[in-house]
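Participant: Structure for this input, please:
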Amino acid sequence: MTTEFTAARHDAEYRITLDQPDLGNTLTLEAMRALAAEIRKAGRDDAVKVIRIRASGPAFCRGRAVGAPPATAPSAAQFRRNVADPILDVYRAMNESEVPLIAEVQGDAEGFGCALVTACDLAVASDSARFSLPELQKNLPPTLVLSVLRYKVPPKASAHMVYLTETIDAANAREWGIVAEVVPGASLRERADAMVASICTRERIAVATLKTYFREVTIPDFSLASEVAGAALANAMTSMRR
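Facilitator: Next up, the predicted model:
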């Protein structure tokens with residue numbers, strides 16, 4: 001059981017709190033495996049309508065916690081299995097969740113932290129929050145992050161972030177699609193509470209149907225996207241409690 005985050009259900013909200021403020025809420029690969037499992041468990045819970053990710057302390061998440069390098073250089077297969085797969089599995093769990101995820105961002109979101117926010121279906125940030133993808137500073141091409149950004153952030157904005165590794169403010173993050181709302185820091189918790197409360201008033205089948213369609217709407221073929229939309233709506237409306 002990881003101590004790097006806490007997780008608990010509050011009525012129809014499942015709340016995950018990154019809880020290592022002294023370490024900038026960085027996450028080890030072990031914690032990422034646990035996080036993916038927690039998101040999957042929450043998404044399958046029929047009592048849960050929304051998953052909320054937030055953090056304690058001044059930073060939201062400063063990325064992956066990097067330990068000592070291995071004694072021998074890993075093969076490509078070993079690196080994929082031991083490093084890339086746990087990270088990608090978090091993004092996959094978020095994408096496949098039956099219910100939406102909300103990010104409540106009070107501080108710096110770097111690398112994996114920035115991707116975590118972007119991967120959420122909704123995101124609200126404090127006006128003092130900052131975002132960066134610094135991987136290239138260590139000559140690490142952030143292709144894993146780009147797998148999340150590709151449908152949510154314009155290509156030139158993604159390129160600006162990954163090539164230049166510059167930190168952007170919350171206003172730019174909103175303009176580029178990383179978050180949807182920016183509020184004063186003192187209002188952040190209240191606004192996130194209101195977003196959660198709004199979603200929790202809806203039927204779970206309606207919320208889950210929207211989540212599914214947002215996932216499928218990236219299908220480039222319009223006819224197929226239309227068919228998915230019609231089928232999803234019909235299923236939701238005929239399954240909802242009357």
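Participant: how close does V48 sit to P58?
Facilitator: V48 is 29 Å from P58, where distance means C-beta to C-beta, to the nearest Å. C-beta coordinates here come from the backbone N, C-alpha and C atoms, glycine included.
Participant: Please read the previous query as pertaining to S187.
Facilitator: As judged by C-beta to C-beta, S187 and P58 stand 17 Å apart.
Participant: Next: D46.
Facilitator: Relative to P58, D46 is positioned 36 Å away (C-beta to C-beta).
Participant: Which stretches in this protein count as strands?
Facilitator: In the chain, the strands defined using DSSP state E lie at 5-10, 13-18, 50-55, 101-105, 109-110, 122-126, 130-132, 168-169, 181-183.
Participant: Mean neighbour count, those strands: which tops it?
Facilitator: Scoring the strands of the chain by mean neighbour count under mean count of other C-beta atoms under 10 Å gives strand 109-110 as the most buried, with a mean of 28.
Participant: what's the average pLDDT for that strand?
Facilitator: Averaging pLDDT along strand 109-110 gives 98.
Participant: quick one: average pLDDT of stretch 182-193?
Facilitator: On average, the pLDDT along stretch 182-193 is 98.
Participant: Likewise for stretch 149-163?
Facilitator: Averaged across stretch 149-163, pLDDT comes to 93.
Participant: How about the contacts made by the closest residue to V50 other than its chain neighbours?
Facilitator: Computed as C-beta to C-beta, 6 or more residues apart in numbering, the closest residue to V50 that is not its neighbour in sequence is I199, at 4.6 Å. Shown in contact with I199 (C-beta atoms under 8 Å, 6 or more residues apart in numbering): 49-50, 100, 102, 207.
Participant: hang on, the earlier thing: export the strands of the chain as JSON lines, with columns for distance to E38.
Facilitator: Converted to JSON lines, the strands of the chain look like this (distance: least, C-beta to C-beta, whole Å):
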{"stretch": "strand 5-10", "distance to E38": "5"}
{"stretch": "strand 13-18", "distance to E38": "6"}
{"stretch": "strand 50-55", "distance to E38": "9"}
{"stretch": "strand 101-105", "distance to E38": "11"}
{"stretch": "strand 109-110", "distance to E38": "19"}
{"stretch": "strand 122-126", "distance to E38": "18"}
{"stretch": "strand 130-132", "distance to E38": "24"}
{"stretch": "strand 168-169", "distance to E38": "29"}
{"stretch": "strand 181-183", "distance to E38": "25"}
